[in-house]
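> model the structure of this input:
(3 chains)
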Amino acid sequence: MFDHGQPSYAEVNKDILSTMLETGPKYWMLLGMTMSVAGICFFMPWIYQLFVGVGAAGMNHNAVWGSYLSNFIFWIGLSHSGTLLSAVLHITNSPWRKSIYRSAEAMTLFSLMTAALFVMVHVGRVWFVHWSFPIPNEMGLWPNFRSPLMFDVMAITTYLTASSIFIYMGSVPDFAAVRDASTGLRRRLYTIFSFGWRGTAREWHTLGWAYTFFAVFVIPLAVSVHSIVSWDFALSAVPGFHHTIFAPYFVCGAIYSGTAGIVTVMYCLRKFLGFERYIGQVHLDSLGKLLITLSLIWSYINILELFTTWFGGTSYELEALSFRLTGFYAPLYWEMLIFCAFVPLLMLFKKIRLSWNKMLLISVLINIGMLTERFIIVATSQPRKFLPGAFGFYVPSWIEISISVGSFAIFVTLFLIFIKWVPAISIYEVKETLKPLRRNV
Amino acid sequence: MAILGSFAFEEDFLDAARKLKSSGFDKLSLLSPLPLEEAQELMGLEKSPVRHFSLAGAIFGAIAGFAMAVATSLVFILPTGGRAIITIPPFLIITYEMTILFGVLFTLLGFHFVSGLPAWRDRPYLISAGIDRFVVIVEGAAADQVARAEAIIRDAGADEVRHVEEDQ
Amino acid sequence: MSTFVEKLRQYSKPGYYDEFDYHWTMTIDLDRCTGCEACVVACQAENNLPIVGEERFAQSREIKWIRIERYWEGEYPNIKMGFIPMLCQHCDDAPCETACPVYATYHNQDGLNTQIYNRCIGTRTCAVYCPYEVRYFNWFTYTWDEPLEQQLNPDVSVREKGVMEKCTFCIQRIRIAKDNAKDDDRRRVRDGEVVPACVQSCPTEAMLFGNSKDPEAKVSKMMKNTRGYTVLKDLNTTPSIVYLKKVHA
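Alright, predicted model coming up:
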């Protein structure tokens, strides 16, 4: 479990809390940088687009959905591993979960927020977006619960609520630790955050039960969220969208890209926060094995998608498929296959699985591949629908590209803020993996 | 008067708690930096009532979700896509999501209800209980019993014993 | 109680409407269509469609509620051209309607697929779900240079950016005809009383519009013509537009 010897309990508190309480100039510089990138690349083009209209993006009559939506799916997908993996590993009692789950859940939360931002960027009249919630509005009309988009609204709101509660409740004992280690305003704030936690047997007991229930609720929820996102596509008749395999395809792809995201985040935490002691090779190895499994499932579903299209043999589907495989975006398609199906196979070698740098590279490549996958689904299906007279073409505009870049800055900004507010590794759960404080051990 | 005893080792701590309990000190609090199953058993905690909250929330959410979808479509009769007004399959998805939403919210409520948190008032506490010490707190001991409780704690091997005034 | 059960049964029935008051239907005789695009222009004038300009046209962001699709058959010099005027098919089982989260599009009791501009939030899902690609999005707010704004039709709203729009079968004319019928104490609009702009302007009378609930209406008779077909019938959208074309063996 621990590559560099076991820390003592007091050291755990000290190591983890010091990353929160001690802030160097590098941090502020990085935060300032990501915030300015987010402002310049995301918010400024968006504000421009609000004034001009969605026409500022590259979408047109033949492809009314564009990169905003593919980015939305990407971010939702990235959110899928954190809470889901944490919940599954919690229920199955896997000890290696304990030092990585907090950051993984934070990743879930922040990528969900970024995804929600993309919905705002995507819609034509964002100032009326509250009409899609079941709340009283100026029209006196509630939303259409038959719409797949409405399922989305319900699912994502629920997911956002549930994963915030999940991460918050898991952090309450750690907020108490922060409270005890600080003074002044921070102490008062964390007294509030920690609900006055003392760590009595009753509190631990209740938290344990509640936490398990959260986990039980979150697992089916996470599966439902991404399958619902896939239905935005699959419930239409559009060739290239209309596949029954889409729900498992999206769920699998989401967990896949999310797990790769966790590897990337783990690398950064280790590197920049000095968690070498807590995030070790056992985590890397386990995540690597998980990634191979997911990559194989993902490849299989991709083959199936090609196969069912070929087997069905309808002219619309074949046309859309041939556009995907040989059309303008074909290089992207093959790039996706290489990054997501072939490169991960390298992890079959234990040497690669245990090397941080190689794993970082592979995980980033997987996520690039998954970003392209979503883009291909959106961009190559719509321009080849049914009527050849309405075949078209779609290329993202510079505004869309800038907003996509900016979204990464938003994610990093949120994450940077997070590591200064919440212990990035769960203090009490790390202690559970240490040898207990017993006389005879 | 509350008596706090802090222990460096788990078994001393549990030993003290057991002895205190058998000597009739009922208002015990066992503080630990990490969840301890033995301590929970000692306090007689088995199944937590939180689970009733979860169930109630899930059932409430399911009913509310389905009712909301049906009611909305009945209040605004707007047929779409040749479907019926009350369309069960899509409403089941809404029901599913609402089941989980309210299940989670009620579980949160249950946590607060059962654990007695948030409790922002000052309560007997040692900072070391959040790091690497196990702390036994005896509350509501009568004046003549204080010395006896302290003796039990010291005998079990506490490295620190403190008296704290309880605010009534 | 029995009315409740009755209501419930009615609400659980697919299609919902037992009896449309009208079922507005159009037939388009492709053997008569010359592809002159008079309908396109008429629609532009009637429904306040913006002129988007050359640049936006090149980005395929033009708004044409009815468009003429051209299809080529054979190789040069033995080449033939066919036309299909493509407009909203007002499907009875419209894929676009269920997709809208805010009920901005729904089916009304005249069998029309309606679009309510001020409810639209612009998710564009309906346009993705529409297999005929006849829904047009306002990528920008369009303006008319003076004095062109004087020619806008006062019966039709001007749409702002971020709103989806499409053919309404000239619902404003249907409305006026219904009001006239009501003033004259008639139960129904007479056949031929409602003529959408495109039908009105067709020089070869390729298009016919009417109420297919009325068995005596011209359009009902034309629908039964053996040349009739509906576009993309295999998608089961049950369109309200019947195309007529003699198939050359």
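> for the chain, which spans come out with low pLDDT?
In the absence of a named chain, this looks at chain A. Along chain A, segments meeting pLDDT under 70 span A:1-4, A:440-441.
> look at chain C instead
Checking chain C against pLDDT under 70 turns up C:1, C:15-20, C:249.
> nearest to chain A: which residue in it?
Chain A sits closest to C:Gly122 of chain C, with a gap of 1.9 Å, by CB to the nearest CB. C-beta here means a position set from N, CA and C on the backbone, and glycine is covered the same way.
> just confirm that residue is within a helix.
No: judged by DSSP: H, G, I helix; E, B strand; the rest coil, C:Gly122 forms no part of a helix; its state is coil.
> name the nearest residue to it, sequence neighbours excluded.
Distances taken as CB to CB, 6 or more residues apart in numbering or on different chains put A:Gly124 closest to C:Gly122, at 1.9 Å, once the chain neighbours are dropped.
> so that neighbour belongs to a strand, correct?
No: using three-state DSSP, the secondary structure at A:Gly124 is coil, not a strand.
> do a quick rundown of the helices in chain C.
Here chain C has its helices, by DSSP state H, at C:2-11, C:38-46, C:54-58, C:95-99, C:125-129, C:171-183, C:197-201, C:218-223.
> does chain A sit close to the first one?
Right, the one you point to is helix C:2-11. No: counting by CB under 8 Å from any CB of the partner chain, chain A has no neighbours in helix C:2-11; the shortest distance is 12.9 Å.
> in that helix, what counts as buried?
Residues of helix C:2-11 classed as buried by neighbour count (16 or more other CB atoms under 10 Å in any protein chain shown): C:Tyr11.
> and that helix, how far from the chain's centre?
Taking CA atoms, centre = their mean, to the nearest Å, one finds the center of helix C:2-11 at 33 Å from the center of the full chain.
> next one: the third one
In terms of CA atoms, centre = their mean, the gap separating the centre of helix C:54-58 from the centre of its chain is 24 Å.
> got the phi/psi numbers for the residue nearest the centre of chain B?
Nearest to the mean C-alpha position of chain B, counting by CA atoms, centre = their mean, stands B:Ser115 at 3.1 Å. Dihedral pair for B:Ser115: phi -80, psi -10, per degrees, to the nearest 10.
> for chain C, which segments count as strands?
Along chain C, the segments classed as strands by DSSP state E run C:24-29, C:67-73, C:80-86, C:105-107, C:113-115, C:136-137, C:164-165, C:207-211, C:228-229, C:241-244.
> now chain A
Going by DSSP E, chain A shows no strands.
> is it true that the residue nearest to C:Gly122 touches C:Cys126?
No: here A:Gly124 lies out of contact with C:Cys126, judged by CB atoms under 8 Å, at a distance of 11.7 Å.
> point out the residues in chain B that sit beside chain C.
Residues of chain B lying near chain C by CB under 8 Å from any CB: B:73-74, B:76-86.
> select only the buried ones of the residues you listed in ChimeraX?
A single ChimeraX command is used to select the members of these judged buried by 16+ other CB under 10 Å:
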select /B:73,78,79,80,81,82,83,84,85,86
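> can you tell me the closest non-neighbouring residue to A:Pro436?
B:Glu10 (5.9 Å).
> shouldn't that neighbour be in contact with A:Lys435?
No: contact criterion CB under 8 Å: B:Glu10 and A:Lys435 do not qualify, at 11.0 Å.
> who has more neighbours, these two?
A side-by-side neighbour count of B:Glu10 and A:Lys435, using other CB atoms under 10 Å in any protein chain shown, places B:Glu10 first with 19 against 7.
> list the residues that contact that one.
A:436-438, B:36, B:38, B:134 (CB atoms under 8 Å, 6 or more residues apart in numbering or on different chains).
> mind redoing it with 6 Å?
A:436-438 (CB atoms under 6 Å, 6 or more residues apart in numbering or on different chains).
> near chain C, which residues of the stretch 301-441 of chain A?
Contact residues (CB under 6 Å from any CB of the partner chain) of the stretch 301-441 of chain A with chain C: A:386, A:389-390, A:392.
> residues of the stretch 151-300 of chain A that sit close to chain B?
Checking the stretch 151-300 of chain A against chain B by CB under 6 Å from any CB, the hits are A:151, A:154-155, A:158, A:162, A:165, A:176-177, A:180, A:195-196, A:198-201, A:203-206, A:208-210, A:213, A:217, A:221.
> which of those count as buried?
Of those, these count as buried by 16+ other CB under 10 Å: A:151, A:154-155, A:158, A:162, A:165, A:176-177, A:180, A:195-196, A:198-201, A:203-206, A:208-210, A:213, A:217, A:221.
> on that earlier part again, just put the helices of chain C in CSV and tack on distance to A:Leu414.
Output for the helices of chain C, formatted as CSV (distance: least, CB to CB, whole Å):
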stretch, distance to A:Leu414
helix C:2-11, 45
helix C:38-46, 47
helix C:54-58, 37
helix C:95-99, 31
helix C:125-129, 28
helix C:171-183, 47
helix C:197-201, 52
helix C:218-223, 59
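> how many neighbours does residue 66 have?
If you meant another chain, say so; for now it's chain A. A:Gly66 has 24 nearby residues by other CB under 10 Å.
> chain C is the one I meant
Residue neighbour count, defined by other CB under 10 Å, stands at 25 for C:Ile66.
> and A:Gly240, by the same measure?
25.
> for it, what are its contacts?
The neighbourhood of A:Gly240, defined by CB under 6 Å, 6+ apart, consists of A:320, A:381.
> and what of B:Asp15?
Counting by CB under 6 Å, 6+ apart, B:Asp15 touches B:Ala156.
> identify each buried residue in the host helix or strand of it, please.
B:Asp15 is located in helix B:10-22, with elements delineated by DSSP states H and E. Neighbour counts over helix B:10-22 (16+ other CB under 10 Å) mark B:10-17, B:19-20 as buried.
> and for stretch A:295-314?
Buried residues in stretch A:295-314, counting neighbours by 16+ other CB under 10 Å, are found at A:295, A:297-299, A:301-302, A:305, A:309.
> and which of those residues is nearest chain C?
For these, the residue nearest chain C by CB to the nearest CB is A:Thr309; the value is 16.3 Å.
> most neighbours of all the contacts of B:Glu10, which one?
A:Leu437 (22 neighbours).
> and for C:Val156, the neighbour number?
15.
> do I have it right that it meets C:Leu49?
No: counting by CB atoms under 6 Å, C:Val156 stays clear of C:Leu49, with 9.4 Å between them.
> the closest residue in space to A:Leu273 that isn't next to it in sequence and A:Phe386, how far apart?
In space, and not counting its chain neighbours, A:Leu273 is closest to A:Thr19: 4.5 Å by CB to CB, 6+ apart. The gap separating A:Thr19 from A:Phe386 is 56 Å, by CB to CB, to the nearest Å.
> who has more neighbours, A:Gly124 and C:Cys126?
Using other CB under 10 Å, the more surrounded residue of A:Gly124 and C:Cys126 is C:Cys126, with 26 against 23.
> burial measure for the residue nearest to that one when sequence neighbours are not counted, as a count.
Excluding the flanking residues, the one nearest C:Cys126 by CB to CB, 6+ apart is C:Cys96, at 3.7 Å. Residues lying near C:Cys96 (other CB under 10 Å) number 29.
> okay but C:Cys96 is in contact with C:Cys130, surely?
Yes: counting by CB under 6 Å, C:Cys96 touches C:Cys130, with 4.9 Å between them.
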